[in-house]
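Q: need a 3D model of the sequence below.
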Amino acid sequence: MHSSLQFLSLALVAFPGSTFAQTSPSADKEEILAFSTRMADILVQFYTTSASKNQEPGIFPLAAQTFGRTGDIWNSLLEYGHLTGDTKHNDLVVSSLIGPLDEKVAPFLPKDGDGEIANWDQSSWGLAAMTAAEIDLKMPETSSDGRKISKWIDLAQLVFDDQASRWTQICKGGLNLVMNPELPEFDVKESGGNGNFFLLSARLARFTGNKTHQDWAEKSFKWAQGTKLVDEFFRVFSEADATQECLAINKEEWINRHATYTEGAAVMYNITNKAKEWETAVAGFAKSTATFRTQQGLREAFCENDAECLSPVDDTYTYGNAMRSYGRALAAVDNAADDLSQVLRESLSTNMGPVPTNSTLPSKGTIEETFNHLTSFQSQLWSSAKPLVSSATSSETSDKKSSDGKPSNDKPSNDKPSDSNTKDSENGGEPSSGQAAAAENTSNAMSQSATSWKFMLGAVGLSLYMLHN
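A: This is a model prediction of the structure:
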């Protein structure tokens with residue numbers, strides 16, 4: 001396993017968020033902490049100083065910050081508190097996460113309706129709720145306006161249920177890009193939303209021990225392979241045209257989507273006792289990171305000759321989200337870092353622009369860079385972070401029994417799919433009644449391999465970087 005997964009580390013050592021150098025033998029934790037704190041404080045300061053009284057809570061005011069990207073930002077700030085131990089922003093993050101929540105309509109959708117909201121927008125918030133559950137963040141019993149709020153894991157489960165209900169027979173399965181069938185984008189099935197759904201299913205399976213989640217993760221991944229959104233070389237392509245039965249594939253490759261599938265495969269590898277199929281998948285995704293590597297650092301491969309392709313207001317978030325997923329993937333398969341020294345020799349410098357200071361808050365076009373700076377640096381702190389909790393160890397759920405009344409055993413399940421779930425998966429149908437709700441009552445919690453996390457992330461030239469600021 002060591003040799004087959006050795007390539008996974010490379011995605012973490014040359015990242016467009018600063019100037020990285022090969023010359024530093026190791027990243028200094030204190031410098032990482034200081035820089036991450038600086039970036040987190042600036043993001044929060046920007047939100048609190050620019051929010052208007054009439055603004056929907058939890059939503060950044062810039063038009064460039066889509067609903068989904070806002071969820072990404074709160075997710076990064078949740079991880080900041082967990083990775084650094086500095087939880088001073090947690091109250092703001094909690095109130096912001098539950099701000100746009102209307103459980104009576106659908107979880108994590110804007111209160112003015114779904115409009116042009118994509119499935120990946122909603123799942124970005126669902127993954128943030130999943131992070132909150134995994135780091136054992138305390139949920140207030142009621143919101144500031146008196147609403148009773150569910151547990152974090154229940155909110156993540158609601159997103160899963162809502163999205164599983166949109167799984168269609170067109171193209172033999174998969175989620176459409178947007179929720180509104182009146183929009184032309186409805187006929188697109190893409191790897192962003194479907195990758196997020198795969199990852200959410202896998203992380204729910206790890207947390208709850210619920211086999212329905214594991215079956216859905218396997219089903220979603222096999223569908224992506226069947227449609228060739230994930231090919232035999234574990235490259236991840238952008239989208240498929242549902243009007244042509246998904247036979248026409250747009251082969252643009254985005255690093256964040258690749259990383260999302262990498263993380264999902266790593267979680268599945270972890271909870272299935274290193275099943276061969278998931279070992280093969282993780283090794284394949286690790287190897288295919290070569291698509292994004294150059295001597296100048298990481299790149300979006302299809303943007304090579306397009307200067308406007310990664311303008312700050314468009315898709316620069318892809319790098320920060322990629323670093324998050326690559327970092328978490330390494331945490332799930334900690335023995336993949338054995339050949340890190342070889343990877344470090346391949347890491348080169350990449351520059352993604354200036355870093356804001358407290359006197360020059362982010363503005364339209366630079367808040368994305370701040371997000372990327374924060375996420376890339378703090379991802380290197382997973383090696384010393386507390387393990388993620390499961391339903392057996394969470395303060396919200398650990399007092400519960402399994403569905404048969406026995407205490408959960410906190411061991412990963414390696415059972416094969418049941419006949420009913422296998423049949424449902426083959427038919428590409430929606431979850432059967434009661435399946436999705438079973439998570440709360442099932443607590444065969446997955447083992448926490450995180451207790452031995454050893455991934456030593458890139459040799460980052462932090463001291464050189466800080467001199468520029």
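
Q: give me the three-state assignment for the closest residue to Thr48 other than its chain neighbours.
A: Nearest residue to Thr48, sequence neighbours excluded (CB to CB, 6 or more residues apart in numbering): Leu92, at 7.5 Å. In this view, the C-beta of every residue, glycine as well, is placed from N, C-alpha and C. What DSSP: H, G, I helix; E, B strand; the rest coil gives for Leu92 is helix.

Q: burial of Leu92, as a residue count?
A: Using other CB atoms under 10 Å, Leu92 has 15 neighbouring residues.

Q: what pLDDT does it get?
A: We have a pLDDT of 94 for Leu92.

Q: these two touch, right, it and Val44?
A: Yes - applying CB atoms under 8 Å, one finds Leu92 in contact with Val44, separated by 6.4 Å.

Q: so what sits against both of those two?
A: Between them, Leu92 and Val44 share no contacting residue under CB atoms under 8 Å, 6 or more residues apart in numbering.

Q: just the element for Ala31, please.
A: Not Ala; residue 31 is Glu. Using DSSP states H and E, Glu31 maps to helix 29-50.

Q: quick one, strands of this protein?
A: Using DSSP state E, the strands of the chain run over 188-190, 239-241, 249-250, 293-294, 297-298.

Q: would you list the ones you listed in TSV and tack on mean pLDDT, mean neighbour count and distance to Thr280?
A: As requested, the strands of the chain are exported to TSV (pLDDT from 0 to 100; neighbours: other CB atoms under 10 Å; distance: least, CB to CB, whole Å):
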stretch	mean pLDDT	mean neighbour count	distance to Thr280
strand 188-190	97	24	24
strand 239-241	97	21	23
strand 249-250	96	16	22
strand 293-294	70	15	21
strand 297-298	66	24	24
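
Q: next, format those as CSV and append distance to Glu141.
A: Below are the strands of the chain laid out as CSV (distance: least, CB to CB, whole Å):
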stretch, distance to Glu141
strand 188-190, 38
strand 239-241, 42
strand 249-250, 46
strand 293-294, 48
strand 297-298, 43
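
Q: out of these, flag the one nearest Asn256.
A: strand 297-298 (11.1 Å; CB to CB).

Q: picking that back up, relative to Ser395, how far out is the residue nearest to Thr48?
A: The gap separating Leu92 from Ser395 is 21 Å, by CB to CB, to the nearest Å.

Q: helices and strands of the chain: which one bottoms out on pLDDT?
A: helix 340-346 (a mean of 29; mean pLDDT, DSSP states H and E).

Q: sorry, back to before: quick one: residues contacting the residue nearest to Thr48.
A: Leu92 touches Val44, Tyr47, Thr48, counting by CB under 8 Å, 6+ apart.

Q: between those residues, which is closest to Ile135?
A: Closest to Ile135, out of all of the contacts of Leu92 and judged by CB to CB, is Val44, at 17.6 Å.

Q: confirm for me that Phe67 is in contact with Ile117.
A: Yes - at 6.1 Å, Phe67 and Ile117 qualify as touching, with contact defined as CB under 8 Å.

Q: list phi and psi for Lys151.
A: Main-chain torsions, Lys151, degrees, to the nearest 10: phi -70, psi 160.

Q: just give the nearest non-adjacent residue to it, would you?
A: Glu396 (4.8 Å).

Q: neighbours around the one you found, how many?
A: By the criterion of other CB under 10 Å, Glu396 has 19 neighbours.

Q: thought Met139 was touching it, still the case?
A: Yes - applying CB under 8 Å as the test, Glu396 and Met139 come out as touching, 7.0 Å apart.

Q: find the residues that touch each one of those two.
A: Joint contacts of Glu396 and Met139 (CB under 8 Å, 6+ apart) are Lys151, Trp152.

Q: between the contacts of Leu92, which sits nearest Arg206?
A: Closest approach to Arg206 among those (CB to CB): Val44, at 29.3 Å.

Q: could you give me the buried positions within stretch 381-396?
A: Leu381, Trp382, Ser383, Ala385, Leu388, Val389, Ser390, Ser391, Ala392, Thr393, Ser394, Glu396 (16 or more other CB atoms under 10 Å).

Q: thought the second one was touching Gly327?
A: To tie it back to what came earlier, the one meant is Trp382. Yes - using CB under 8 Å, Trp382 is in contact with Gly327, at 5.3 Å.

Q: where along the stretch 101-250 of the chain do the helices fall?
A: Here the stretch 101-250 of the chain has its helices, by DSSP state H, counting those that start in this stretch, at 119-134, 152-164, 191-208, 211-226.

Q: tell me the most buried of those helices?
A: Mean neighbour count (mean count of other CB atoms under 10 Å) peaks for helix 191-208 among these, with a mean of 29.

Q: cool, thanks, signing off.
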